[in-house]
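Colleague: sequence first, then the predicted structure, then my questions.
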Amino acid sequence: MEIYIKFISKSFQKQITYKIEYFVGFINGFLYIFVFTSLWNALYAEYDANAFKSGFTKSSIITYAVFVMIIKISFSMDDQITTRKVRTGDLVTDLIKPVSYFCITLSECIGQTIFHFLARGLPILALSLFIFDISFPINVTNYLLLIVSATFGYLILFMINYIIGLMAFWFFDTFSFQLMKYGMYAVFSGGVVPVDFFPASLQSIVDFLPFKYILYIPTCIFLGRFDEDEVITALIGQICWVALLFAISKITWIRAMRKLVIQGG
């Protein structure tokens with residue numbers, strides 16, 4: 001466990017060195033929030049809240065837009081780690097280490113996420129509290145459930161990236177896989193538009209995909225949009241996806257190792 005903590009620390013320190021990238025990311029994240037909140041303000045000013053049939057009031061949709069973007073910013077991670085290591089051959093150095101490559105990669109991503117949460121997520125959240133009309137729950141249970149649900153959501157996102165990264169063992173260019181993931185993540189995770197606004201036919205598709213469990217579910221649980229039974233169902237859904245993606249990760253890794261050929265002994 002100690003060695004993985006060192007990987008987390010090293011990854012965190014590496015992020016600190018990119019100061020210009022940090023400021024650009026901070027401004028970019030806040031601009032996203034400003035654009036989406038302005039859009040929702042305009043829509044709810046033009047139409048009655050009941051017209052959307054989503055259960056969101058103007059205040060609650062603004063709160064959702066801010067918080068879901070905070071989670072998305074905090075979940076930032078390098079999804080090209082494995083692809084890059086396979087291309088350069090640096091993966092070999094990780095394979096000779098007496099540690100799990102899966103855990104090494106996860107540790108590196110956690111270090112990046114901690115940095116983005118502390119350096120971008122929290123400052124943007126603090127700024128948003130002063131600028132926008134938002135309010136968060138005061139019940140401690142909501143925050144505890146957020147930690148649990150966000151952890152599951154983070155693992156789901158990480159393993160999707162991890163599995164796509166392993167595609168580099170079979171495909172020279174994984175850009176098409178990454179592009180497909182970006183598109184589905186942007187649309188189906190609830191990061192732009194809550195799933196509640198989707199038509200029924202599209203919601204049935206979203207329910208069979210893991211993406212809504214990354215951003216939408218943790219945000220709705222935290223904001224108290226689910227009752228007790230719905231919270232339990234949502235958490236079980238997250239656990240099932242974590243277990244399924246972990247199994248796929250292990251199987252893909254085993255097959256990748258069978259395909260790996262190292263020259264020179």
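Modeller: Alright, I've got the coordinates.
Colleague: which residues of the stretch 1-150 of the chain score low on pLDDT?
Modeller: 18-19, 47-54 (pLDDT under 70).
Colleague: run the chain-centre distance for the longest helix along the chain.
Modeller: In the chain, with assignment by DSSP state H, the single longest helix is helix 228-259. Put simply, helix 228-259 sits 15 Å off its chain's centre (CA atoms, centre = their mean, to the nearest Å).
Colleague: and it, what's its mean pLDDT?
Modeller: Averaging the model's pLDDT scores along helix 228-259 yields 93.
Colleague: okay, which residue is most central for this protein?
Modeller: residue 75 (4.4 Å; CA atoms, centre = their mean).
Colleague: next up, phi/psi of that one, please.
Modeller: With angles defined as degrees, to the nearest 10, residue 75 sits at phi -80, psi 10.
Colleague: give me the distance between it and residue 116.
Modeller: Look at residue 75 and residue 116: by CB to CB, to the nearest Å, they are 8 Å apart. Any C-beta I mention is one placed from the backbone N, CA and C, and that applies to glycine too.
Colleague: what residues does the residue nearest to the centre of the chain make contact with?
Modeller: Residues in contact with residue 75 (CB atoms under 8 Å, 6 or more residues apart in numbering) are 113, 116, 153-154, 157, 214-215.
Colleague: and which of these is nearest to residue 193?
Modeller: residue 215 (11.3 Å; CB to CB).
Colleague: just the helices from the chain, written as ranges.
Modeller: 2-16, 19-46, 58-74, 81-88, 91-95, 101-116, 122-131, 140-166, 175-188, 200-206, 216-222, 228-259.
Colleague: just name the most buried of those.
Modeller: Each of these was scored by mean neighbour count; the highest is helix 216-222, a mean of 26, by mean count of other CB atoms under 10 Å.
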